[in-house]
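> Next come a sequence and a model predicted from it.
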Amino acid sequence: MSKRINLSQGKLEKWEESFVPEKDIFFLREQDHHLLKEFGHNCLLFSKEEFSNHPTYAAISYASSYTYWTLTEDITTVVVLPHRVFPSLKDSVKTAILTIQHEVGRGLIFESRYFDGILREPAKSLLLPYGFVSNNRQYIGIQKEIWNQLPKSLKSDLLNRIAYDYDTPGIFDPYVPTESMTSTYVNAYPNEHGPNCLSSTLFVAASISSGTLLDWIIKEWVHPTTFMNGLKQLGYKEAPLSKDAMFPHDILVWRDKQERIVHASFHIDQHYFFNKNGQTFFNPWKTVHMRELEEQWGMHTVKVYRK
């Protein structure tokens, strides 16, 4: 049986603190450069390449909140602002800039439906300059300064709705195979951005192999090379793939057409897997069936690794 994973108030309060990064970031294309003068002097202008390699803005908190992986390829310039600058811009400029952020795929832009039934004064007036229409749909952009001013109840309600939409429900079924090493984490959300499918998979494999809970690993943001090194260290090797002959503790790894790892999951037993779908705190750790993995990742090539 699948159902929604409940969020505690304590969890929501932790999310509120880091949901919107301290600096406002805006991504512009060549055709948007006429807006650069509107930012004034209190800003930093990065080339796309320099921004991508900057250690501060490559941090997981920025990458996850602004969803770098959904950005379009035609971005040329990145504008970084202290969070008090953007509210001082003219409303028409705010609208133009936020519309562009939606067009280029930046995070922290939400359809207005997320606010239905929970948006009241004074928050309604505060957010009015941050609303815009794109393709006949109403959106609201969230920036740090306005986030700081919103009521706590609105923040909690909004985060709850985002989490509900962000990922599929968890499986709550006593007859589904479980692994003792994952019991603390199944159907739970992390406190911070970062933990991803690779760290989750390595955590279970390493904990079982060592016979002790290595839960520091599950909280890491693990990259592909580190992940493959971990599999090798644990004695995993690629094996012939047969979905009808999966063994407990097998690991499935999906790669795209460029051979880049896009997902991994740990097979518990009977085609049930310990899984995390992304690096944000909106992606819970959960048990999923092979059917769900095939629906979400089936467009990629899958390989099996076995001890």
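Now that the structure is in, tell me what you want to look at.
> Show me where the stretch 51-200 of the chain has its helices.
Using DSSP state H, counting those that start in this stretch, the helices of the stretch 51-200 of the chain run over 60-65, 91-104, 123-127, 144-149, 152-166, 197-210.
> what helices or strands is the fifth one leaning on?
By that I understand helix 152-166. helix 9-18 (3 or more Cβ pairs under 8 Å, 6 or more residues apart in numbering; DSSP states H and E). Every residue, glycine included, has its C-beta placed from N, CA and C.
> Next, the angle from the helix it packs on to helix 152-166.
Going by axes from the mean of the first three to the mean of the last three Cα atoms, to 10 degrees, helix 9-18 is angled at 90 degrees with respect to helix 152-166.
> could you point out which element follows helix 9-18?
Downstream of helix 9-18, the next assigned helix or strand under DSSP states H and E is strand 23-29.
> which helices and strands does the following helix or strand past that following strand pack with?
Next helix or strand after strand 23-29 toward the C-terminus (DSSP H and E): strand 44-47. Counting by 3+ Cβ pairs under 8 Å, 6+ apart, the packing neighbours recorded for strand 44-47 are strand 75-82.
> Now do the strand it packs on: distance to the chain's middle.
Mean-position distance between strand 75-82 and its chain equals 21 Å (Cα atoms, centre = their mean, to the nearest Å).
> same thing with stretch 287-302?
18 Å.
> Return the alpha-carbon coordinates of it using CSV.
Presented in CSV, the C-alpha positions along stretch 287-302 are these (Å, rounded to 0.1, in the frame of the first residue of the first chain):
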residue,chain,number,x,y,z
THR,A,287,11.0,1.3,-0.7
VAL,A,288,9.9,1.0,-4.4
HIS,A,289,9.1,-1.8,-6.7
MET,A,290,11.0,-2.5,-9.9
ARG,A,291,7.9,-1.3,-11.9
GLU,A,292,8.3,2.2,-10.5
LEU,A,293,12.0,2.3,-11.3
GLU,A,294,11.3,1.2,-14.9
GLU,A,295,8.6,3.8,-15.3
GLN,A,296,11.0,6.6,-14.1
TRP,A,297,14.3,5.5,-15.5
GLY,A,298,13.5,3.0,-18.2
MET,A,299,14.5,5.4,-21.0
HIS,A,300,18.1,4.8,-19.9
THR,A,301,20.4,1.8,-20.1
VAL,A,302,20.5,-0.3,-16.9
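> what sits up against it?
Outside stretch 287-302, the residues that touch it by Cβ atoms under 8 Å, 6 or more residues apart in numbering are 168, 170-171, 176, 178, 182, 186-187, 241, 243, 246, 252-256, 262-263, 265, 268, 271-275, 277.
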